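**Student:** A predicted structure for the sequence below; I have some questions about it.
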Amino acid sequence: MFEILMYIFAVIFLVIVLYPIYFIIIASFSDPTEVSNGNVWFFPSGFTLEGYKELFKHSNIWTGYRNTIIYTIVGTAIGLLVNIPAAYALSRKDLVGRKFLSLFFIFTMFFNGGLIPTFLTVQDLHLYDTFWVMVLPFSVVVFNIIVARTFFQTSIPKDLWEVAQIDGCGHLRYFAQVVLPLSKAIIAVLALWIAVGQWNSYFNALVYLRNPDLYPLQLILRNILITNQMQSAMGTGEAAQIALRLANMMRYSVIIIATVPIMCVYPFVQKYFNQGVMIGAVKG
């Protein structure tokens, strides 16, 4: 009876989680009037592709897709390159100044200089309005370092380092040939987190980019929606109604276009993600 109740609860919870995603999908193919009137529940009503057609009339969407894919790939690679070695170093008890460095990193989680000093620093480094401003200045994420450090401390046997030393293995070789192959789970988890963050990032582009050719997809979609909403608000009569209808049609289409590609990545890292979320659990 307990197992039956647990299965029922799991199914109910799954429906609660998945239905909003399903609703957004069917709403993107439905007439916005039907959606507003509450006539869309399980199937599209007034099937239409106008929202997608209107979106893809903007040629800069493809530029945004290209930029976002590049930012995601390069940003994820740089994020792993700086966070994983830092986490491994902090996990070593023989690191000189380990406690100070740990507190130094953790301090930045609670206190920062604010937007204006950060902006001035980015400008002084000549990163403003360049490709690198989207992948370099914010690549260090202390939370990721702490999670990876915990993994190294709890999941990598300490005896391996002693054995590697006997074979004449140095720190760099041990990290590259022993630690990294045993850390696929945490690397996959951090890669997924960093990639999702890069894919969804728009605020940094809003602040630090002026060249439209460098805009990521999220910022371009945001600008398209704002433009259509302004046109509907400033227009009068039939023109305003048409603009409002287009804005409502594009609302759900924008969500699908922005989220489906990154959601397709998850199945490829699901196995490692399931292992990574068990970090810190009791080992049997």
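**Tutor:** Structure's in. What do you need? Everything quoted here is computed from the prediction, not taken from an experiment.
**Student:** Can you give me the separation between Phe151 and Asp159?
**Tutor:** 17 Å (CB to CB, to the nearest Å). All C-beta atoms are positioned from the backbone trio N, CA, C, and that covers glycine.
**Student:** Look at those two and report which has more neighbours.
**Tutor:** Phe151 (26 against 8; other CB atoms under 10 Å).
**Student:** Point out where the stretch 101-250 of the chain drops to low pLDDT.
**Tutor:** 228-229, 231-246 (pLDDT under 70).
**Student:** got the end-to-end distance for stretch 109-127?
**Tutor:** With CA to CA, to the nearest Å as the measure, stretch 109-127 spans 23 Å from end to end.
**Student:** whoops, stretch 110-119 was the one
**Tutor:** 19 Å.
**Student:** who touches it?
**Tutor:** Thr121, Tyr128, Pro137, Val207, Tyr208 (CB atoms under 8 Å, 6 or more residues apart in numbering).
**Student:** Helices of the stretch 1-150 of the chain, residue ranges please.
**Tutor:** Taking DSSP state H, counting those that start in this stretch as the test, the helices found in the stretch 1-150 of the chain are 2-28, 32-36, 50-56, 60-91, 98-110, 115-124, 142-155.
**Student:** about what we covered before: taking the contacts of stretch 110-119, tell me the two that lie furthest apart.
**Tutor:** Largest separation among those by CB to CB: Thr121 and Val207, giving 12.5 Å.
**Student:** ok, now which ones touch the spatially most central residue of the chain?
**Tutor:** Here the mean C-alpha position of the chain is nearest to the C-alpha of Val196 (CA atoms, centre = their mean), at a distance of 1.6 Å. Neighbouring residues of Val196 by CB under 8 Å, 6+ apart: Ile262.
**Student:** tell me the SS of it?
**Tutor:** Three-state assignment for Val196 (DSSP: H, G, I helix; E, B strand; the rest coil): helix.
**Student:** Next, count neighbours for Val207.
**Tutor:** 13.
**Student:** how close does the spatially closest residue to it that is not a sequence neighbour get to Arg173?
**Tutor:** Spatial nearest neighbour of Val207, excluding adjacent residues (CB to CB, 6 or more residues apart in numbering): Phe119 at 6.7 Å. According to CB to CB, Phe119 stands 41 Å off from Arg173.
**Student:** ditto for Ala27
**Tutor:** Remark: distance between Ala27 and Arg173 (CB to CB) = 54 Å.
**Student:** do the same with Val140
**Tutor:** Distance from Val140 to Arg173, by CB to CB: 25 Å.
**Student:** more crowded one of the two?
**Tutor:** Relative neighbour count places Val140 above the other of Val140 and Arg173, with 15 against 12, counting by other CB under 10 Å.
**Student:** mind listing what the more buried one touches?
**Tutor:** Val82, Asn83, Ala86.
**Student:** if we go to 10 Å?
**Tutor:** Ile78, Gly79, Val82, Asn83, Ala86, Phe105, Thr108 (CB atoms under 10 Å, 6 or more residues apart in numbering).
**Student:** what do you get for Leu80?
**Tutor:** Taking CB under 10 Å, 6+ apart, we find Leu80 in contact with Ser139, Asn144, Ala148, Ile187, Leu190, Ala191, Ile194, Ala195.
**Student:** Count the neighbours of the fifth one for me.
**Tutor:** What that stands for is Leu190. Residues lying near Leu190 (other CB under 10 Å) number 25.
**Student:** host element of it?
**Tutor:** Per DSSP states H and E, Leu190 falls inside helix 184-200.
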